[in-house]
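Peer 1: here's a sequence, model it:
(chains A and B)
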Amino acid sequence: MKILVPIKRVVDYNVKVRPLSDQSNVDLNNVKMSVNPFCEIALEEAVRLKEAGSATEVVAVTVGKQESQEQLRTALALGADRAILVESENLVEPLVIAKALAKVCEDENPNLIILGKQAIDGDNNQTGQMLAALMGYSQATNASEVALDGDSANVTREIDGGLQTIKVSLPAIVTTDLRLNEPRYASLPNIMKAKKKELNVISLNEMGFDTSNRTELLSVELPAERAAGITVESVDELMDKLKNEAKVIS
Amino acid sequence: MKILVIAEHDNNDLKGSTNSTIAAAKEIGTDINVLVAGNSCSSVASEVSNLDGVSQVMHADDASYQNFLAEDLANLIVSLADDFEYILAPATTFGKNVLPRVSALLDSQQISEITAVVSPDTFKRPIYAGSCIATVKTLEAKKIISVRSTAFDGVTSSDNAAEIVSIAAADAQNLSTFVNEELAVSDRPELTAADIVISGGRGMQSGDNFHLLDSIADKLGAAVGASRAAVDAGFVPNDYQVGQTGKIVAPDLYIAVGISGAIQHLAGMKDSKVIVAINKDEDAPIFQVADYGLVADLFEALPELESKL
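Peer 2: Next up is the predicted model:
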């Protein structure tokens, strides 16, 4: 069984992102970039399935600019067997990424595709579901548990109000939620080994579909600030304020 | 400008996220059609027909929609899409699951989780865990939009009696099947619907200590939530999580206990009307958004608060 893990290069989750002074976009100058945290969970799940003997090959793929090779090397150090960069000149929208991944799926014929539920830059939560639609595959989003069972997989999903388990026929798309697993750190020997693993680069423009953006970013601004509050000295004072000033408890 | 709103419900009751999505639709146009797809869900269809702003209810009743599986629901929505310029769904786990699938099938780039309608083609939405707000204009002829429920005050029932039209089910896909569902059983209100929410963070130190929040929640009729740090630490299940990667809440009163106030968490609760923070670290960022801050050891403050309520 082959598992494809699409990943994304994003601003590191510890970075506090701010708008550019002209508010044309967010300021990404000289900020640390990392593998999107939900993609790390996806990769970890795939590597664990391989370690358990359920999968034979884990292929990491990303659609992005040339520097995304750094994140693919990280994926290789974390246990992916080989990597593919679909190189684009610009950052592209989720639908274009999904179309590019669909082309990769047609070439690679994976049995399972595991992705993060969302990237922490655009917070779109779209790519996995779009890829499932384009391939005509079943989908299990927000997974907290994945159990392979022959030609299908039982996936437990985190839904509003609890958990839902569905059985999806393979090939299928799974998107990861936070509690699926706790990703490992790359060891130094594995980082060294990753440098020698295969990383193929293909061009997005040569894939033969329209990659232009369908939305325009007009501005980026900081959210409205809340007015500063007050410090209360005791539980009694807090209760008094909530009852008599804010009037939110009786 | 015909608008299709996808209703979220559980075959018995409509979810409040639908009311908010209809409210967003009203800011775009007036011809609002609501799809109620489910199994034996005619009571939901009639509930929707009474809502303010609804022009027509499209009711698809079929066993294949019992559990709202994305593959079947997406195909149904696509089969109706020709007539509509807009397709809106709530940005809940329900809407997030199905809408991007619809979007790809219709070859239209979706706009996710809008918090404001600037004009019929321009919307505001949070990015980078709510650190920034983007204003985006869509160039698509068919606009597919998910709506953050807390950003729009839901429409309510009126003397409206919109026509209910039965529509046929689309062909079943049989790509996935429902196995089971474990919904948290609680007498307390659901997080996203509660008027009061009390949440615990890493400062709670263990899952057992959440009973301190439970007893206060019971007295206040509040829902209990948690920060991502508390979920990551395994104190409580992920469905407690309030934040950009969890639930977005905007209750009348939000009480954050032992929560430092990471941007991730603030993105999920800062639209609450009144925010209370209880934390022993006076430099915790949560105090910057709190209306009332109490610098105290939560293990002393919580029992005292509970005894005085």
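
Peer 1: show me what the helix or strand encompassing B:Leu294 is packed up against.
Peer 2: Element membership of B:Leu294 [criterion: DSSP states H and E] is strand B:292-295. On a contact count with 3 or more CB pairs under 8 Å, 6 or more residues apart in numbering or on different chains; DSSP states H and E, strand B:292-295 meets strand A:230-232, helix A:235-240, strand B:274-279. All C-beta spots, glycine's among them, are computed from the backbone N, C-alpha and C.

Peer 1: is any residue of the first one near chain B?
Peer 2: What it means is strand A:230-232. Yes: using CB under 8 Å from any CB of the partner chain, we find that strand A:230-232 touches chain B at A:Ile230, A:Thr231, A:Val232.

Peer 1: going through the residues you listed, which ones are buried?
Peer 2: Using 16 or more other CB atoms under 10 Å in any protein chain shown as the burial test, those include A:Val232 as buried.

Peer 1: where along the chain do the helices fall?
Peer 2: I went with chain A, as the question did not name one. Along chain A, counting by DSSP state H, helices occupy A:37-51, A:69-77, A:94-108, A:127-135, A:188-194, A:235-240.

Peer 1: I was thinking of chain B, sorry if that wasn't clear
Peer 2: Counting by DSSP H, chain B has these helices, from start to end: B:16-28, B:42-49, B:70-80, B:93-105, B:211-220, B:228-232, B:263-269, B:298-308.

Peer 1: given the longest strand along chain A, what are its sheet partners and their directions?
Peer 2: Longest strand in chain A by number of residues (criterion: DSSP state E): strand A:138-149. Sheet pairing of strand A:138-149 (DSSP bridges) gives strand A:152-159 (antiparallel), strand A:172-176 (parallel).

Peer 1: that one - what's its average pLDDT?
Peer 2: Mean pLDDT, computed over strand A:138-149, is 96.

Peer 1: try stretch B:93-103
Peer 2: For stretch B:93-103, mean pLDDT is 98.

Peer 1: same thing with stretch B:292-309?
Peer 2: Rounded mean pLDDT across stretch B:292-309 is 95.

Peer 1: dump it to CSV, keeping only the CA atoms.
Peer 2: Output of stretch B:292-309 as CSV, limited to C-alpha atoms (Å, rounded to 0.1, in the frame of the first residue of the first chain):
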residue,chain,number,x,y,z
TYR,B,292,-12.5,41.6,34.4
GLY,B,293,-9.2,40.0,35.5
LEU,B,294,-8.7,38.2,38.7
VAL,B,295,-5.1,37.4,39.6
ALA,B,296,-5.5,34.4,41.8
ASP,B,297,-4.7,30.8,42.3
LEU,B,298,-7.6,29.0,40.5
PHE,B,299,-7.7,26.2,43.1
GLU,B,300,-8.7,28.8,45.7
ALA,B,301,-10.8,31.1,43.5
LEU,B,302,-12.9,28.4,41.8
PRO,B,303,-14.3,26.8,45.1
GLU,B,304,-15.0,30.2,46.5
LEU,B,305,-16.8,31.3,43.3
GLU,B,306,-18.8,28.1,43.3
SER,B,307,-19.9,28.5,47.0
LYS,B,308,-21.0,32.1,46.4
LEU,B,309,-23.1,31.5,43.3
